[in-house]
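K.L.:
Predicted model and sequence below, questions to follow.
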Amino acid sequence: MIPAARGGNSMRWQLTPYALPTAVGAVLSISLAAYAWRRSATPGARSFAVLMLAVSEWAAAYTLIVLGADLPTKAIWSKVQFVGLALTPLAWLVFAAQYTGRAGWITVGAIVETCGNWSPA
């Protein structure tokens with residue numbers, strides 16, 4: 001276990017091999033985002049980059065959940081993970097529409113309606 005810093009309320013970490021696959025996934029997703037962003041003239045490249053950034057945030061936060069040694073640490077990173085988890089489906093929808101030439105389907109109203117359908121009652 002990695003010792004906590006002095007001062008009390010610090011996060012506690014525990015090294016485990018189960019974090020390696022998600023950490024590699026986060027790094028690969030960031031690499032794909034950078035690659036796509038440099039080719040922004042390609043249809044759907046920017047939305048793919050945003051999708052990969054959301055996936056990398058999700059994977060990185062999950063890696064930190066796995067590495068967390070106590071419940072408060074896991075709870076904090078679980079909340080952070082929700083950002084990438086919530087953005088991934090929407091970014092995927094926008095990417096798919098742009099890549100297939102149906103970017104006209106994606107309007108502000110459609111995005112708001114889609115987000116409204118995903119939110120809890």
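P.N.:
That came in fine, so what should we check first? Residues are numbered from 1 along each chain as shown.

K.L.:
packing partners for the helix or strand bottoming out on mean pLDDT in the chain?
P.N.:
Lowest on mean pLDDT, DSSP states H and E among the helices and strands of the chain sits helix 108-118, with a mean of 72. Using 3 or more Cβ pairs under 8 Å, 6 or more residues apart in numbering; DSSP states H and E, the elements in contact with helix 108-118 are helix 71-99. Where you see a C-beta, it was placed from the backbone N, CA and C, and this is true even at glycine.

K.L.:
Averaged pLDDT, the helix it packs on. What do you get?
P.N.:
Per-residue pLDDT over helix 71-99 has a mean of 91.

K.L.:
Give me the distance from it to the chain's centre.
P.N.:
A distance of 4 Å separates the centroid of the chain from that of helix 71-99, by Cα atoms, centre = their mean, to the nearest Å.

K.L.:
Give me the buried positions along it.
P.N.:
73-74, 77-78, 80-81, 84-85, 87-88, 90-98 (16 or more other Cβ atoms under 10 Å).

K.L.:
CA atoms of the least confident helix or strand of the chain as CSV?
P.N.:
Extracted C-alpha coordinates of helix 108-118, given in CSV (Å, rounded to 0.1, in the frame of the first residue of the first chain):
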residue,chain,number,x,y,z
VAL,A,108,-29.3,21.2,-30.7
GLY,A,109,-32.9,20.1,-30.2
ALA,A,110,-32.0,16.4,-31.0
ILE,A,111,-29.1,16.5,-28.5
VAL,A,112,-31.2,18.0,-25.8
GLU,A,113,-34.0,15.5,-26.4
THR,A,114,-31.5,12.6,-26.4
CYS,A,115,-30.0,13.8,-23.1
GLY,A,116,-33.5,14.2,-21.6
ASN,A,117,-34.3,10.6,-22.5
TRP,A,118,-31.2,9.4,-20.7
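
K.L.:
so it versus helix 71-99, what angle?
P.N.:
Helix 108-118 and helix 71-99 meet at an angle of 140 degrees, taking axes from the mean of the first three to the mean of the last three Cα atoms, to 10 degrees as the criterion.
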